[in-house]
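Turn this into a structure:
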Amino acid sequence: MRSPQGVPDTRTRILEAAVDRFGKDGFDASLRAIAADVGVSAPAILKHFDSKEDLRRACDEYVVDVTQLYKTEAMRSADLRATFLTQMAMLDEFQPLIRYMVRSLMTGGDAARNLLTDMYDEAERWMAEGVRTGIMLPSRDERARVKLTFSVSLGWMLQSVLMADKELGDLDAAFWRETTHELMLPALELYTQGLLTDSTLLDTYMAGNEPLSDSDPPAGPGTDASDTARTATAGSDSA
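Below is the predicted model of the structure:
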């Protein structure tokens, strides 16, 4: 998966290969295997990264940065439909990043927690951009909404991997395409149209938990506060 910056330099090629290799084989994959994927020697990798642990941290940053670039591109798009179709056509290119994230979560530990935290931080930024441009509605708790949307997308991927009865590294491109398309319709339906038909549950919860919320979410561009409240009540916050 390449960032939209053009032809990658050697460091970026190493990161791309490491993300792919770690995702397929786990974080015990050797520098020698990664080097072979790039077409360089293992010592050449150490010219760019101090250690294997440093390489993994750089892979985390790479995954977060590339995801941020494409999400922000969508949030700023003057033609959201065209941008969406273009990015959907790139599903095969996104697979190494998705597999890497799933591998990290399945491995657990501090590295996985740090990756999630970084992804939350960046997601708050691109969601804020979506609110600013009017693509998304604001939320009463932006951080919590980020965590919810991650639980939907990454949780879907995790359960799909676990139900596949295969090792993560053995899952082919067709699996990832099918899994992503299965998620896309119900996720977009939920985020666009909502789930509940009225505000009974939200009103009941808010009445008993006022200290948990400072105020109603601010109105997004092109909406007034009442419109925002009604739409958010229906559960149609976009993510």
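
Lys71 contacts Trp126, correct?
Yes - contact criterion Cβ atoms under 8 Å: Lys71 and Trp126 qualify, at 4.1 Å. Any C-beta I mention is one placed from the backbone N, CA and C, and that applies to glycine too.

okay, those two: which has more neighbours?
Of the pair Lys71 and Trp126, Trp126 is the one with more neighbours under other Cβ atoms under 10 Å, namely 21 against 18.

Show me what the helix or strand the more buried one falls within is packed up against.
Per DSSP states H and E: Trp126 is located in helix 109-133. Here helix 109-133 touches helix 52-75, helix 91-107, helix 142-163, going by 3 or more Cβ pairs under 8 Å, 6 or more residues apart in numbering; DSSP states H and E.

by how many degrees do it and helix 91-107 diverge?
130 degrees (axes from the mean of the first three to the mean of the last three Cα atoms, to 10 degrees).

and helix 109-133, which residues are buried?
By neighbour count on 16 or more other Cβ atoms under 10 Å, the buried set for helix 109-133 is 111-112, 115-116, 118-119, 122-123, 126-127, 129-131, 133.

Format those residues as CSV; extra columns: distance to Leu183 and pLDDT.
Below are the buried residues of helix 109-133 laid out as CSV (distance: Cβ to Cβ, whole Å; pLDDT from 0 to 100):
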residue, distance to Leu183, pLDDT
Ala111, 25, 94
Ala112, 21, 95
Leu115, 20, 95
Leu116, 19, 95
Asp118, 22, 96
Met119, 17, 95
Glu122, 20, 95
Ala123, 17, 95
Trp126, 19, 95
Met127, 18, 96
Glu129, 23, 96
Gly130, 19, 96
Val131, 23, 97
Thr133, 24, 96
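
can I get the residues you listed in a markdown table with distance to Asp9?
Listed next are those as a markdown table, based on distance: Cβ to Cβ, whole Å:
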| residue | distance to Asp9 |
| --- | --- |
| Ala111 | 25 |
| Ala112 | 28 |
| Leu115 | 23 |
| Leu116 | 28 |
| Asp118 | 23 |
| Met119 | 24 |
| Glu122 | 23 |
| Ala123 | 27 |
| Trp126 | 25 |
| Met127 | 31 |
| Glu129 | 28 |
| Gly130 | 31 |
| Val131 | 35 |
| Thr133 | 32 |
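
Among those residues, which pair sits farthest apart?
Ala111 and Thr133 (33.3 Å; Cβ to Cβ).

Can you tell me which helix or strand of this structure has the lowest average pLDDT?
helix 225-233 (a mean of 41; mean pLDDT, DSSP states H and E).

ends of stretch 37-44, how far apart?
For stretch 37-44, the first-to-last residue distance is 13 Å (Cα to Cα, to the nearest Å).

Work out the gap between it and the centre of the chain.
29 Å (Cα atoms, centre = their mean, to the nearest Å).

I would like the residues contacting that stretch, please.
Stretch 37-44 has contacts (Cβ atoms under 8 Å, 6 or more residues apart in numbering) with Thr10, Arg13, Ile14, Ala17, Asp20, Arg21, Ser30, Leu31, Arg32, Ile34, Ala35, Ile45.
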